[in-house]
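> how would this look folded up:
(one chain, ligands or ions: 1)
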Amino acid sequence: MKKLIVLAAVFIAMPLMAQEESILHHYAARNFTAGDVGKERLDTVLTAGVNAPSAMNRQPWRFTVAQDIKFVKQIIPDAKDGNVLIIVSVELKNGNAASAVLDCGLAVQSMYLAAQAVGLGSRIYTGPIGIVNGKLKKEIPAGHTAVAIVRIGMVEKADAVTAASSRKSMEKIVTYK
Ligand SMILES: Cc1cc2nc3c(=O)[nH]c(=O)nc-3n(C[C@H](O)[C@H](O)[C@H](O)COP(=O)(O)O)c2cc1C
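Here you go, the predicted model:
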């Protein structure tokens with residue numbers, strides 16, 4: 001009986017631990033390697049984006065998935081075979097810009113974390129957004145503005161704790177009143 005309770009506790013704790021692990025310990029991948037991310041893992045990442053929260057549940061985002069390596073390299077020239085880019089875009093209308101962009105940011109973050117939770121590398125990019133909103137504009141939904149790109153791919157396994165850059169201390173950024 002005692003064994004059963006311990007086993008049940010472990011099974012309940014496992015998903016929580018996995019969630020905490022991916023929220024607390026992540027890093028922006030630098031050393032992507034060539035290799036297919038696989039349809040199942042790509043679907044999991046996209047599902048995380050689809051399920052992200054948004055203001056008034058508007059879900060204003062659209063995800064354009066760039067898999068063709070020639071297309072991918074137009075946006076990130078050093079991309080490796082099999083890297084996938086998820087371009088998150090939104091229709092910016094008068095008055096909705098702040099929350100629409102924030103909504104997209106949440107979808108971006110969810111996909112970034114989900115990729116790492118399923119063992120892929122991921123990195124968020126805004127640097128190449130000008131290229132997407134410029135010469136590649138026709139590749140995203142009409143009327144949309146690209147907000148960010150999530151790059152996912154195979155990566156040499158690194159320790160997320162040491163691979164991540166340092167952060168400001170909690171004392172510096174948190175104020176208790
Ligand atoms: C909104 C946003 C935009 C970013 N844009 C770029 C980019 O254009 N190019 C790039 O190499 N990394 C980009 N990054 C990755 C950050 O540089 C990285 O997340 C940050 O330095 C933390 O790195 P770490 O996870 O290794 O600690 C971006 C990250 C965010 C959140």
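> in this structure, which residue sits nearest the ligand?
At 2.7 Å from the ligand, Gly127 is the closest residue in the chain, using Cβ to the nearest ligand atom. (Each C-beta comes from the backbone N, C-alpha and C, glycine too.)
> that residue: what secondary structure?
Per DSSP: H, G, I helix; E, B strand; the rest coil, the local secondary structure of Gly127 is coil.
> to what extent is it buried, counted in neighbours?
As a burial measure, Gly127 scores 10 neighbours (other Cβ atoms under 10 Å).
> which one is Leu102 nearest to, not counting chain neighbours?
Ala55 (7.3 Å; Cβ to Cβ, 6 or more residues apart in numbering).
> so what's the backbone phi/psi at the one you found?
phi -60, psi 130 (degrees, to the nearest 10).
> get me the contact residues on the protein for the ligand.
Tyr27, Ala28, Arg123, Ile124, Tyr125, Thr126, Gly127, Ala148, Ala164, Ser165 (Cβ under 6 Å from any ligand atom).
> who's in contact with the fourth one?
Taking Cβ atoms under 8 Å, 6 or more residues apart in numbering, we find Ile124 in contact with Ala28, Val108, Gln109, Tyr112, Ala148, Ile149, Val150, Arg151.
> and which of those residues is nearest Val72?
Val72 lies nearest to Arg151 out of the contacts of Ile124, by Cβ to Cβ, at 8.5 Å.
> what is the neighbour count of the closest one?
Neighbour tally, Arg151, other Cβ under 10 Å: 26.
> again, but for Ile149
When neighbours are counted by other Cβ under 10 Å, Ile149 comes out with 25.
> partners of it in the sheet?
Taking DSSP bridges as the rule, Ile149 bridges to Ile87, Tyr125.
> sorry, back to before: quick one, phi/psi of the residue of the chain closest to the ligand?
According to degrees, to the nearest 10, Gly127 has phi -50, psi -50.
> next one: it from Arg151, what distance?
11 Å (Cβ to Cβ, to the nearest Å).
> likewise Arg41?
Applying Cβ to Cβ to Arg41 and Arg151 gives a distance of 14 Å.
> one more: Phe63?
Separation of Phe63 from Arg151 (Cβ to Cβ) stands at 13 Å.
> from what I see, Leu136 and Gln74 are in contact.
Yes. Contact between Leu136 and Gln74 holds when scored by Cβ atoms under 8 Å: they sit 6.5 Å apart.
> pLDDT score assigned to the residue nearest the centre of the chain?
The centroid of the chain falls nearest to Tyr112 when counting by Cα atoms, centre = their mean (2.1 Å). As predicted, Tyr112 sits at a pLDDT of 98.
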